[in-house]
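Asker: Here's my sequence, what's the structure:
(one chain, ligands or ions: 1)
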Amino acid sequence: MPSLTELHFLGGCKTIGSSAYLVKENDTSVLADFGASFNGHPTFPPMARPKNLTVALSHAHLDHSGGLPLLFTSGSASVYMTAITRDIIRVLLKDMLRLSQYFLPYEKLDVERLFRRIKIVNYKEPINLGNGITLTLYDAGHIPGSAAIHIQTPSREVLYTGDINTIDTQLQRAARIPTKTPDTIIMESTYALTAHENRQKIEEGFIEKTHETIDNDGIVLVPAFAVARAQEILCVLAKYKTSYPIYLDGMAREAARIFLRHPTFFRDYKLLKRALSQAEWVRNRRQRDRILKNPGLIVAPAGMLRGGTAAMYLSQIMDDPRSAVLMVGYQIPGTPGRDLLENGFFDYGIGPKRVKAKYQLFDFSSHAGKEQLLNLGGSFSNASHIFTVHGEAEACESLATTLHKQYGQNAQVAENGQKITLTD
Ligand SMILES: [Zn+2]
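Answerer: Numbering: from 1, shown residues only. Take a look at the predicted model:
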């Protein structure tokens, strides 16, 4: 009897969070990602511990990696990922343990067990898992170390895009993944409804606003995700040869130190080095008090102003109309960052207060936008099935429908808990 491939959509369907997709054939299973969701307390996909299990991680973000330690409360699967991804999840999982320890179904010991099972793999290096199954990671261009996961079985060629970016940024090259041979695609849909503005225009707008604010004696605060976005902003500032004082604070420094150890994951490592060295790395309270006295630019997490040093800085500059808060990533509804952009208020523990500093959003996304997702989906020339995942329901539906209409692809929205046996 010919072998059949099964797909189990454990999480990350019609939503962003808890990504987990299992590919099974001939009693061998590959689990791509095992992430967490953060609506209040962290939640996780249902457990998956079939026999002969191998795990592959697309990238370090916790909505893809945050559940991995759960797999090691018992069990001993190998977990494949890139070297820089391993170093970044060490920091992110430690932070998650610190912030949510009482609500987590795993503990430090399980995280340590996970790290003992990690196997480092380079892009494009096929790993033979036995039973005719091969696993290969390809550069997905989303954050340093991010990968699309390619699973070759005796009967199918499955490609899970992970989070993907198909344009160059200052930090990274565009994704380079196979599009001509995979027959089954699991594809992210985050920005299926949103067209990104031209990247260079965004950079120029950001630089112009920065210069205008500092020339006017103001402080520019850039709340940015610690991993990748903070460093991308520093690279943009270096590219445009900004000569104003620049400061880097919070966990973004730790991520930057990791980046410097992995030169091959960057588009222009010299630019990254220059960008990181032209910023002053803030270490203590005295330094913070000093830099708040003069015009300059501060890059600090958290990216959506949920705590971190960014929230502290904002509390100090919010009454100054000369200063500006430049948001550089998507703001989830309900976060302080979204509240600021929509209502002009910020609450630093004493109730919402109107922000007199200027504020503006610059869309420095690390995901493919609407047009890029459609181009990518259309470029899978051997696809018999495309499953859209990792997006709000409307985005997943729009991507599937448009791929069918425009390119004739057999695309459908995957559902959490769905099991599919590929027979055609
Ligand atoms: Zn991501």
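Asker: okay, CA-based contacts and neighbour counts for the rest of this
Answerer: OK.
Asker: In contact with Tyr330, which residues?
Answerer: Counting by C-alpha atoms under 8 Å, 6 or more residues apart in numbering, Tyr330 makes contact with Asp363, Ser365.
Asker: Check the gap between it and Gly145 for me.
Answerer: The gap separating Tyr330 from Gly145 is 21 Å, by C-alpha to C-alpha, to the nearest Å.
Asker: before we move on, what about Asn375?
Answerer: 23 Å.
Asker: So between these two, which is more surrounded?
Answerer: With neighbours defined as other C-alpha atoms under 10 Å, Asn375 and Gly145 compare such that Gly145 has more, 29 against 15.
Asker: tell me which residues of the lowest-mean-pLDDT helix or strand in the chain are tucked away?
Answerer: The helix or strand of the chain with the poorest confidence is strand 37-39; it has a mean of 84 (mean pLDDT, DSSP states H and E). Buried residues in strand 37-39, counting neighbours by 16 or more other C-alpha atoms under 10 Å, are found at Ser37.
Asker: Show me how far it is from its chain's centre.
Answerer: 15 Å (C-alpha atoms, centre = their mean, to the nearest Å).
Asker: Ok, stretch 333-352 next?
Answerer: How far stretch 333-352 lies from its chain's middle: 23 Å, per C-alpha atoms, centre = their mean.
Asker: how about that stretch: buried residues?
Answerer: Those would be Pro336, Gly337, Arg338, Asp339, Leu340, Leu341, Gly344, Phe345, Phe346, Asp347, Tyr348, for stretch 333-352 by 16+ other C-alpha under 10 Å.
Asker: Is the closest residue to the first one other than its chain neighbours in a helix, a strand, or coil?
Answerer: Excluding the flanking residues, the one nearest Pro336 by C-alpha to C-alpha, 6 or more residues apart in numbering is Leu305, at 5.6 Å. Of the three states, Leu305 takes coil according to DSSP: H, G, I helix; E, B strand; the rest coil.
Asker: so Val55 touches Val79, yeah?
Answerer: Yes - at 4.6 Å, Val55 counts as touching Val79 under the criterion of C-alpha atoms under 8 Å.
Asker: list the residues that contact both of these two?
Answerer: Common neighbours of Val55 and Val79, using C-alpha under 8 Å, 6+ apart, do not exist here.
Asker: got the contact list for the residue nearest to Pro336?
Answerer: Leu305 is in contact with Pro223, Ala311, Thr335, Pro336, Gly337, counting by C-alpha under 8 Å, 6+ apart.
Asker: Show me the strands in the stretch 251-400 of the chain, by range?
Answerer: 279-281, 296-300, 324-327, 345-347, 352-354, 358-361, 385-389 (DSSP state E, counting those that start in this stretch).
Asker: For Arg86, which of these is the nearest?
Answerer: strand 296-300 (22.8 Å; C-alpha to C-alpha).
Asker: List the contacts of the closest one.
Answerer: Residues outside strand 296-300 that contact it (C-alpha under 8 Å, 6+ apart) are 210, 214, 218-226, 230, 233, 244-252, 308-310.
Asker: and if we set it to 6 Å?
Answerer: 219-224, 244-250, 310 (C-alpha atoms under 6 Å, 6 or more residues apart in numbering).
Asker: Select, from these, the two members most distant in space.
Answerer: So, the contacts of strand 296-300 by C-alpha to C-alpha: farthest apart are Tyr244 and Gly250, at 20.1 Å.
Asker: ok so, going back, quick check: what element follows the least confident helix or strand of the chain along the chain?
Answerer: Tracing the chain past strand 37-39, the next element assigned as helix or strand by DSSP states H and E is strand 41-43.
Asker: Run through the stretch 1-150 of the chain and note the low-pLDDT ranges.
Answerer: Along the stretch 1-150 of the chain, the parts satisfying pLDDT under 70 run over 1-2.
Asker: One more pass at 50, please.
Answerer: Nowhere does the stretch 1-150 of the chain drop to pLDDT under 50.
Asker: residues touching the residue nearest to Gln372 when sequence neighbours are not counted, list them.
Answerer: Distances taken as C-alpha to C-alpha, 6+ apart place Thr166 nearest to Gln372, at 6.6 Å, with adjacent residues excluded. If you count contacts by C-alpha under 6 Å, 6+ apart, Thr166 has them with Ala174, Ala175, Ala368.
Asker: surely the first one meets Ile164?
Answerer: No - proximity of Ala174 to Ile164 does not meet the contact threshold set by C-alpha atoms under 6 Å, at 8.6 Å.
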